[in-house]
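**Student:** below is the sequence, then the predicted model.
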Amino acid sequence: MSDQIHARVEACYQQAETFFKRRFPRPLVSFKLRGQKAGVAHLTENKLRFNPQLYRENQEDFLRQTVAHEVAHLIAHQLFGLGIQPHGEEWQLIMRGVYELPPHRCHTYEVKRRQVSRFIYRCQCPQGEFPFSAQRHALVAKGRRYFCRRCKITLQFTGEQRVE
């Protein structure tokens, strides 16, 4: 997996260097990305992170489109600086002109959502139900308090837990 992605990153950089007639520093590439995002470019760190699960499920399009999409962010940053829009005209120029790919902002990969536990908190309002994540519930256990914005009452755990 990582060999194919590294090779595609390098190919994208070589295309950009030929197009712009200049060298670009190569990024650090990581495969520690989960959830809905297929890839992320960290501009100031010159780092790319890719989602290995979405790569395994969408290899061909991922290599062609997603890798080029993220590399284009780093190239645009190195050419034009921080003041540009993430998917603005500079990035679109690179996607169309350098990689000859459509400048799609988002992927259309199917993302399997994992089940999560929600801890139900309430206030005095009629519809005052607040599903808390496990992380937020743990903060309450450590003493943090959350308030209803309408009635200003401290939210209380009902003892109810749901899996979504």
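**Tutor:** That came through fine.
**Student:** tell me where this structure has strands.
**Tutor:** 28-30, 39-42, 47-50, 117-122, 129-132, 156-163 (DSSP state E).
**Student:** center of the chain, which residue is that?
**Tutor:** Nearest to the mean C-alpha position of the chain, counting by CA atoms, centre = their mean, stands K37 at 3.8 Å.
**Student:** give me every residue that touches it.
**Tutor:** By CB atoms under 8 Å, 6 or more residues apart in numbering, K37 lies in contact with N51. All C-beta spots, glycine's among them, are computed from the backbone N, C-alpha and C.
**Student:** gap between it and G97?
**Tutor:** Counting by CB to CB, to the nearest Å, the gap from K37 to G97 is 25 Å.
**Student:** will you turn the strands of the chain into TSV that also has mean neighbour count, distance to T108 and mean pLDDT?
**Tutor:** Listed next are those as TSV, based on neighbours: other CB atoms under 10 Å; distance: least, CB to CB, whole Å; pLDDT from 0 to 100:
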stretch	mean neighbour count	distance to T108	mean pLDDT
strand 28-30	13	23	98
strand 39-42	18	14	98
strand 47-50	20	17	98
strand 117-122	17	28	95
strand 129-132	16	28	94
strand 156-163	12	27	94
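**Student:** among those strands, which comes closest to R144?
**Tutor:** strand 129-132 (10.7 Å; CB to CB).
**Student:** show me the contact partners of that closest one.
**Tutor:** With CB under 8 Å, 6+ apart as the test, strand 129-132 has contacts from 118-123, 140, 146, 148, 155, 157, 162, 164.
**Student:** just give me how far that strand sits from the chain centre.
**Tutor:** In this view, strand 129-132 has its centroid 25 Å away from the chain centroid, taken as CA atoms, centre = their mean, to the nearest Å.
**Student:** what strands line up against that strand, and which way round?
**Tutor:** strand 117-122 (antiparallel) (DSSP bridges).
**Student:** so who does N51 touch?
**Tutor:** By CB under 8 Å, 6+ apart, the contact set of N51 is F31, L33, R34, G35, K37, A38, G39.
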